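Novice: the following comprises the amino acid sequence and a computationally predicted model.
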Amino acid sequence: MTCQKRNYVFDRLYSVLEFHGLTRIAINHFKFRQLRRLAYPLSRVILKQPPPDFEPQQYDCLIPVPLPWSRKIHRGFNQTAAIAKHLAPAWSIPLLTNVLKRAEYVGLSVEQLSHMSLAGNRWLELL
């Protein structure tokens, strides 16, 4: 099933890069070979190619979603938090890394979760 045929709980999703070639290699090295130094250049790409209607001053903060413990152990760090560390100061908005907590796994499929509100599922809970 493609992304276009699913119902999600968010309104919009933007991609600043196509996931092939050198981009795919860089992201895979960042995620799976623990090349933390790629966080800065990847953040620069995001800063140079923001979504068309993105205005950072409209947002109160930037909150990276925590990884499941198994992925954090395997990858060694949270890649979204590493990139967000560079984005937040560039956008002049605070980075809040401890406001979301990964809750226990409840065995729901992506399709089941997409039909639930973010506040109602048990994947994330506010501290």
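Specialist: In hand now; what should we look at? Numbering: from 1, shown residues only.

Novice: dihedrals phi and psi, residue 61?
Specialist: Recorded main-chain torsions at residue 61 are phi -170, psi 170, according to degrees, to the nearest 10.

Novice: how near is it to residue 45?
Specialist: Remark: distance between residue 61 and residue 45 (Cβ to Cβ, to the nearest Å) = 22 Å. For the C-beta atoms, the positions are set from N, CA and C on the backbone; glycine is no exception.

Novice: who touches stretch 71-83?
Specialist: Outside of stretch 71-83, the residues within contact range by Cβ atoms under 8 Å, 6 or more residues apart in numbering are 30-32, 34, 36, 39, 42-43, 46, 64-67, 97.

Novice: select only the buried ones of the residues you listed in PyMOL?
Specialist: Buried subset of those, written as a PyMOL selection, criterion 16 or more other Cβ atoms under 10 Å:
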select buried, resi 30+31+39+42+43+46+64+66+67
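
Novice: so can I have TSV of the contacts of stretch 71-83 showing pLDDT?
Specialist: Output for the contacts of stretch 71-83, formatted as TSV (pLDDT from 0 to 100):
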residue	pLDDT
30	92
31	89
32	89
34	88
36	93
39	95
42	93
43	94
46	90
64	88
65	84
66	85
67	83
97	89
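
Novice: okay, now the unreliable bits of the protein?
Specialist: 1-6, 8-13, 104-127 (pLDDT under 70).

Novice: 80 instead?
Specialist: Applying pLDDT under 80 to the chain flags residues 1-15, 69, 72, 101-127.

Novice: how about the strands in it?
Specialist: Applying DSSP state E to the chain gives strands spanning 100-102, 124-126.

Novice: so who does residue 19 touch?
Specialist: residue 27 are the contacts of residue 19 under Cβ under 8 Å, 6+ apart.

Novice: could you check how far it is from residue 84?
Specialist: Residue 19 is 19 Å from residue 84, by Cβ to Cβ.

Novice: one more: residue 27?
Specialist: Taken as Cβ to Cβ, the span from residue 27 to residue 84 is 15 Å.

Novice: before we move on, what about residue 60?
Specialist: 14 Å.

Novice: which one's more surrounded, the two?
Specialist: Comparing residue 60 with residue 84 by other Cβ atoms under 10 Å, the one with more neighbours is residue 84, at 21 against 9.
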